[in-house]
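Chemist: Quick one: sequence plus predicted model below, questions after.
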Amino acid sequence: MTVASGEPVLECSGIRKSFGDHAAVKGVGFSIAHGETYGLLGPNGAGKTTTISMISGLLEPDAGEIRLAGEPMTPDSTHTKRLVGLVPQDLAIYPDLDATENLEFFGRLQGMKGAELDRRVAEVLEIIELTDRAGDRTEQYSGGMKRRLNIGVGLLHRPTLLILDEPTVGVDPQSRNAILDSVERLGEEGMAVLYTTHYMEEAERLCDRIGIVDQGELIAEGTQADLVRIVGQRDRLTLTATGSLAATAAALGELEVVDDAGVAGDEIVLIVDQAHDHLPRILEMAARTGSMVKSVDVDSADLESVFLKLTGRALRE
Amino acid sequence: MKPVAIARVNLVRFFRDRQAIFSVFLLPMLIVLLLGAMQGGASTPKLGFSVAEDDALTGELLGILDTVEGFEVIEVGDADSAVREVERGGLRAAVIVPAGYESTLRAGGDVEIRLMTRAGQEIQGISEVIGAAVTQQATLLRTARFAQQTGAGSFDDALAIAMMAQEALPPVEVVASIAGEPFVLAGLGQFDVYAQGMLVLFIFITTLNGAVTLVRSRQLGVSRRMYSTPTPIRTMLAGEALSRFTLAIIQGGFIFIGTWLIFGVTWGSPLGSILTILAFSLAATAAAMLLGALVSNEQQAGAISTALGLGLAALGGCMFPLAVFELLSDTVYRVAHVTPHAWALEAFQKLVAEDGGVGDIWGFLLVLVGYAAVLGVLAVWRLRRVLVR
Ligand SMILES: Nc1ncnc2c1ncn2[C@@H]1O[C@H](COP(=O)(O)OP(=O)(O)OP(=O)(O)O)[C@@H](O)[C@H]1O
Ligand SMILES: [Mg+2]
């Protein structure tokens, strides 16, 4: 499926969605060009899946507009849905069918049939590296294999826009790499991809442009370089520690050299101007406020720092 | 042809489940076999004997029947309960002796002894046995009466003479008349009642169980995924309904043909039976879709479909014939007709017991299609909102 050049594959603006009185998406808008891989980066509950559900026509937005290759998309836009290949966050395959049968079934729903369908099923099985196991019921697959098939179903009809919702969640590092490789390849082959994740490394590796979402809002958007510029030439300092991390983070946040401080699990993440110069002072403060620092990492600014800078919270939990 | 693709996948998945195949195809046959066997088959058939008045002659008749091999004679209460027992299948046949049997015969009048059987189920030679016994008694009495009238002394003396002379006398023709009343179940054989009931019961349970599949598709996320393809909800619903309906008629056809070939069940007009199976399957499909729309998880769907399936079947006359309901009370009979089961069974019984054709059952079929329409509309209205939520 080709799209008139120049016209964005996806264009959405001001989309909103509330569940009861909880506003999950509060006016998100962005666009994706032909052949572009766009990442939606945000923590759990940021509204990524809700946004994607509206874009793929599963959910009716309360407000806003969504266009795919110029065609408006709502849940009733049956014809427009052919442009999208959705890979849902949760597995959506039949456990009691094998990979071939799953692919054939969803292929038929995409309107494919006959020799074209057979050929494409074989092709996709190659892409997701399941040709050998194509005849086994998917309930016998490993987590990674199921994930790959889940992606394969979305690819089958060569969608204009492939939407991947956290496709690597709960996957071992090896499978994860394989998945990232194939997404990268699809992007290079010119398929437009919308990729959501809460792993900044994935966004950094795959995406031409990234939108950072938090609490239902798109708080920043641009290339990785654009985004990192928000933080300036600052370092990200990660302290792995035990003790009263929250108190330490709060106290460190007060230091004039520390731009932002947040806690993520057993880590305190800081954005610091010239981290190496201020390290002794920071460690001393940590000890004084009840945290035992076990290791220290200094990185140049990345998306993690951008998120911290923009929200005052760490991206990971 | 997307509905066909959806139905195909559902059926392929169904036929991979061995347990489901057992409960959908083998279990109904086993139950028909079991109930039918309990009924007749290996066990001695029971012959009811109902007397309105205990006199010497009826006692003697009972004695004669008792000595006949091949069935067990059981004394039952009044004529009505004898009839009911035959219908229910508790008795293979019943002999009903009217009040004043002895006195009428002594007076030289005709008496009618009724023999109730279910057609196709006559105990070989029973009417002849009874006929012979009654004829014997009547002949004695008539001879005695004749002897008395021609002045051979008292009736009792005459009877004594007659008894000595009886060997020489030809039997008097027909004193016992056999009344095989065309009652609702009169045409049904040993397995017939159960085959109809079980066909209806199992089609409904199996189809209703489709609600589980529907809920599972929702939980697996495949329903949402289907909706992300160019497939409108009405197509998805059509596919789901088509798979339920197809399975129902496959099952119905299997039980229909299986019970006919294996147990020799009489189904009456094949076209009528097929139309009844189709109409009932349609109603069951709509009920399953509605249930699938109303429940929120598999356990709920499973429990409710089984409970509802058995409950409605019992209420609708799959386990105890509707005729029994009718005898019990008008209200029970009317309540039974809240279920589509009752209408399907009425249709089957019209076809078998009354040898009816399609023309005799179209009213019942219309009611079943009406059920399908009403439940179907409700289901589609509900499902549109919950299927891809
Ligand atoms: N169907 C729903 N009903 C009620 N609330 C919902 C529903 N779907 C999502 N939400 C709420 O909307 C918010 C956004 O959810 P969403 O699933 O879009 O987040 P997400 O960014 O995809 O998170 P995650 O990374 O965990 O997948 C959350 O607070 C969630 O609880
Ligand atoms: Mg999500």
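Modeler: That came through, no problem. Ligands and ions are numbered 1, 2, ... in the order given.

Chemist: Just give me the neighbour total for residue A:287.
Modeler: 14 (other C-beta atoms under 10 Å in any protein chain shown). Where you see a C-beta, it was placed from the backbone N, CA and C, and this is true even at glycine.

Chemist: now do residue B:328
Modeler: Residue B:328: 12 neighbours (other C-beta under 10 Å).

Chemist: and it, what does it touch?
Modeler: If you count contacts by C-beta atoms under 8 Å, 6 or more residues apart in numbering or on different chains, residue B:328 has none.

Chemist: Please, where are all the strands along the stretch 151-300 of chain A?
Modeler: Taking DSSP state E, counting those that start in this stretch as the test, the strands found in the stretch 151-300 of chain A are A:161-165, A:192-197, A:209-214, A:217-222, A:235-243, A:258-264, A:267-272, A:291-300.

Chemist: mind checking how far residue B:194 is from residue B:208?
Modeler: 20 Å (C-beta to C-beta, to the nearest Å).

Chemist: Oops, could you answer that again for residue B:249 instead?
Modeler: For residue B:249 relative to residue B:208 (C-beta to C-beta), the value is 15 Å.

Chemist: Please say which of these two ends up with more neighbours.
Modeler: residue B:208 (28 against 19).

Chemist: Which segments of chain B make up each domain?
Modeler: Per automatic domain parsing, the domain ranges recorded for chain B read B:2-40+B:189-388, B:46-168.

Chemist: Quick one: the ones you listed as a markdown table, columns for mean pLDDT too.
Modeler: As requested, those are exported to a markdown table (pLDDT from 0 to 100):
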| stretch | mean pLDDT |
| --- | --- |
| domain B:2-40+B:189-388 | 87 |
| domain B:46-168 | 73 |
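
Chemist: Please identify the most buried of those domains.
Modeler: domain B:2-40+B:189-388 (a mean of 20; mean count of other C-beta atoms under 10 Å in any protein chain shown).

Chemist: So which bits of the stretch 1-150 of chain A are right by ligand 1?
Modeler: A:19, A:22, A:24, A:42, A:44-50, A:89 (C-beta under 6 Å from any ligand atom).

Chemist: Could you identify the most distant pair in those residues?
Modeler: A:22 and A:89 (18.8 Å; C-beta to C-beta).

Chemist: which of these two has more neighbours?
Modeler: residue A:89 (17 against 9).

Chemist: how much space between that one and residue B:355?
Modeler: 62 Å.

Chemist: Near chain B, which residues of the stretch 101-250 of chain A are found?
Modeler: The stretch 101-250 of chain A has residues A:101, A:105-106, A:108-111, A:153 near chain B, with proximity defined as C-beta under 8 Å from any C-beta of the partner chain.

Chemist: got the angle for the longest helix along chain A vs strand A:161-165?
Modeler: Counting by DSSP state H, the longest helix found in chain A is helix A:173-188. In terms of direction (axes from the mean of the first three to the mean of the last three C-alpha atoms, to 10 degrees), helix A:173-188 departs from strand A:161-165 by 160 degrees.

Chemist: what sits opposite residue A:41 in the beta ladder?
Modeler: Beta-bridge partners recorded for residue A:41 (DSSP bridges): residue A:197, residue A:212.

Chemist: Helix, strand, or coil at residue B:260?
Modeler: Following DSSP: H, G, I helix; E, B strand; the rest coil, residue B:260 is assigned to helix.
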